[in-house]
Each structure stands twice: as structure tokens, then as C-alpha cells.
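Enquirer: heads up, no residue letters with this:
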């Protein structure tokens with residue numbers, strides 16, 4: 001912060017940006033604020049974040065940052081806003097922030113199509129065993145056309161079970177409709193009329209797991225959903241079924257998933273998220289040929305990340321100038 005100001009000069013708010021975000025958003029922040037931008041590939045240490053929030057007016061965070069009650073209690077009275085460049089905010093103690101009068105912003109909506117595209121790409125890749133086919137070639141096994149090799153599953157006429165009919169779940173359903181898939185959903189808060197209009201049959205979680213050929217997860221991570229897919233749920237699924245997760249890693253119990261795939265309880269899995277992240281190179285899931293794992297790239301299209309960055313910047317700027325956030329997180 002500037003120690004001295006020239007006559008008539010207005011002091012600019014100070015902010016800490018915890019990762020280098022796309023230029024579309026970063027330029028907005030730099031134009032309006034005195035910003036310190038963390039330059040490293042790895043996220044800033046927790047202890048450093050605790051120090052930064054004691055002195056800045058705003059924090060632009062990512063899902064890698066732990067914004068818990070201790071950090072929020074450490075924040076100086078001048079901290080007005082925490083703007084997260086993500087739609088999810090399970091890493092932030094929103095209640096503690098609200099109790100301190102600190103606004104929380106996120107970036108909903110703009111990553112719907114990119115994430116739905118990736119979820120469906122994972123579904124197709126796992127169904128048709130694309131990664132196994134790549135490995136088949138690299139290991140020198142492709143000697144001739146084999147009528148029995150790498151037989152995968154069909155999508156047309158198959159049943160897709162969607163757990164969570166938010167924006168992304170509905171977008172995945174729209175893509176699946178183009179493949180004439182039967183659509184089931186477990187989404188207790190979705191009105192039946194809304195699901196019916198999308199030709200989706202609402203059902204129980206147990207029925208969805210028993211009847212689906214593919215199960216795709218699209219719920220937020222919270223106390224209700226953490227660990228919601230474990231041994232009990234996986235044993236309800238068909239031996240040929242494939243689990244797709246583009247939501248959050250801890251929704252699925254990783255050890256239980258490994259054992260279910262290893263033992264043939266389900267046919268495979270395709271994951272854009274893991275628990276923990278990044279996944280350890282000695283994690284047993286990486287030893288299974290029918291488990292496809294990506295490094296959390298659901299929103300990683302140029303357009304989407306630019307939009308996320310500008311939304312996060314706009315939330316941050318609004319907050320430090322005590323204006324309503326364009327996209328504020330509010331708990332009841």
C-alpha cells in the first residue's frame with residue numbers, strides 16, 4: 001500500500017491473487033487495484049495466505065486454497081471480499097466469512113458446457129475403451145484386426161444415470177439425448193415437471209445405480225455428498241457399468257472404487273477429479289487399465305477459463321469498492 005499520496009490522488013485497494021489467472025481477468029484487476037500476484041506453479045502456502053489476509057482489502061482465490069475459519073479469523077478488518085475463480089466453494093468456510101461481513105464470490109454458469117462436454121467425452125472414451133486402445137498400440141499388441149479385441153459398450157439405447165440435475169447435469173442429459181439414451185436422475189430438489197420436460201425419469205439413488213449402464217456425478221461437495229459413493233453403492237451397479245466423476249473427488253470413496261473395479265464389481269471408471277488432488281503416482285487406481293483419470297480439466301477451454309477469470313475479477317473489484325458482487329455466494 002502506498003505510504004504517501006499526492007494531492008487529489010485516490011488510494012487504490014490492495015489485493016492478493018493466489019494464482020496467475022488468464023490475462024482477460026488479471027488485466028481488470030491490475031487496472032483497478034494494487035495487486036500482488038503469486039507467481040509460482042504450486043499454490044501459496046496456507047501460512048502465507050493467513051499473513052496476506054491481514055493486510056489486503058481483497059483475495060482472489062482458487063479451489064486449491066484452504067479458506068477456513070482460522071484464516072478468516074486472522075483476516076484484518078479491512079478484508080472485504082474473497083473472490084473464488086471456481087463455481088464450487090467447498091474450500092471456503094462461507095459461514096465464518098459471512099459472520100465477519102466478508103463477501104464471497106464465485107463463477108457459476110460459464111463452465112457448464114465445457115464441463116458437460118468433458119463428462120460426455122469421458123463417457124465415450126470409457127465406453128469404447130479408447131485409452132486401452134492407445135496402450136494396446138504402444139505395447140505392440142496390434143498385429144491384425146481382431147474381431148474380439150477391445151469390445152466396448154454402446155451408448156444408443158443404454159441407460160445413463162445422472163446424480164444431480166443442476167446446470168451441468170442437465171447439460172449432460174441434453175448431450176445424451178442425442179444418442180437416444182434412456183435418462184434416469186437422482187436429484188431430490190428437482191421438480192418432477194422440470195425433469196419430465198427434459199425426458200428424464202426421477203428415481204431413487206438405489207434404482208438409478210441398479211439400472212444404469214453409465215453413472216455420471218454432478219453434485220456439489222458438502223456434508224451430504226462426501227463419500228456418497230462407496231462399497232454399498234458400487235455393489236448395486238451392473239458389472240458392466242461405468243462411473244464418471246467430473247464433480248469433486250471426495251464424493252467417491254477412492255479405495256472402495258479401486259476395489260470395485262479391480263474385483264469386477266463394476267466395469268470401469270472415468271474421473272476428472274480425484275481424492276486427493278493431484279493423485280499420487282503410487283495410487284492403485286493408476287494400475288487399472290479400465291480407469292481413465294484426467295487432471296481436473298473440466299473447465300479447461302480457453303473461452304471458459306477467460307470468462308471465469310473476468311467474473312472472478314469483477315467480483316473482486318466490486319467487493320473492494322463495497323459494491324454488490326455480480327455473483328455472490330450466500331448461505332440461508
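Expert: Yep, it's here. Nothing here was measured: the structure is a model prediction, and the numbers come from that model.
Enquirer: Could I get the buried residue list for the lengthiest helix in the chain?
Expert: When the chain is scanned for its longest helix (criterion: DSSP state H), the result is helix 302-320. Using 16 or more other Cβ atoms under 10 Å as the test for burial, helix 302-320 gives 304-320. (C-beta placed from N, C-alpha, C; glycine too.)
Enquirer: Now do it: distance to the chain's middle.
Expert: Here helix 302-320 is found 17 Å from its chain centre; the criterion is Cα atoms, centre = their mean, to the nearest Å.
Enquirer: burial count for residue 147?
Expert: 5 (other Cβ atoms under 10 Å).
Enquirer: Assumed residue 280 was part of a strand.
Expert: No - going by DSSP: H, G, I helix; E, B strand; the rest coil, the assignment for residue 280 is coil, not a strand.
Enquirer: dump the residue contacts of it.
Expert: For residue 280, the contact set (Cβ atoms under 8 Å, 6 or more residues apart in numbering) is empty.
Enquirer: Need the contact partners of the longest helix of the chain.
Expert: 13, 15, 21-26, 28-29, 32-33, 57-60, 80-86, 103, 105-107, 110-111, 113-114, 299, 324-328.
Enquirer: can you rerun that using 6 Å?
Expert: 13, 21-22, 24-25, 28-29, 32, 57-58, 60, 80-81, 83, 85, 103, 105, 107, 110-111, 114, 325-327 (Cβ atoms under 6 Å, 6 or more residues apart in numbering).
Enquirer: now do stretch 224-242
Expert: 126, 206, 209-210, 213-214, 219, 250-253, 256, 260, 264-268.
Enquirer: which one is the residue sitting nearest the centre point of the chain nearest to, not counting chain neighbours?
Expert: Nearest residue to the geometric centre of the chain (Cα atoms, centre = their mean): residue 247, 4.6 Å. Excluding the flanking residues, the one nearest residue 247 by Cβ to Cβ, 6 or more residues apart in numbering is residue 217, at 4.6 Å.
Enquirer: hang on, isn't the one you found packed against residue 165?
Expert: No - under the criterion of Cβ atoms under 6 Å, residue 217 is not in contact with residue 165, lying 11.8 Å apart.
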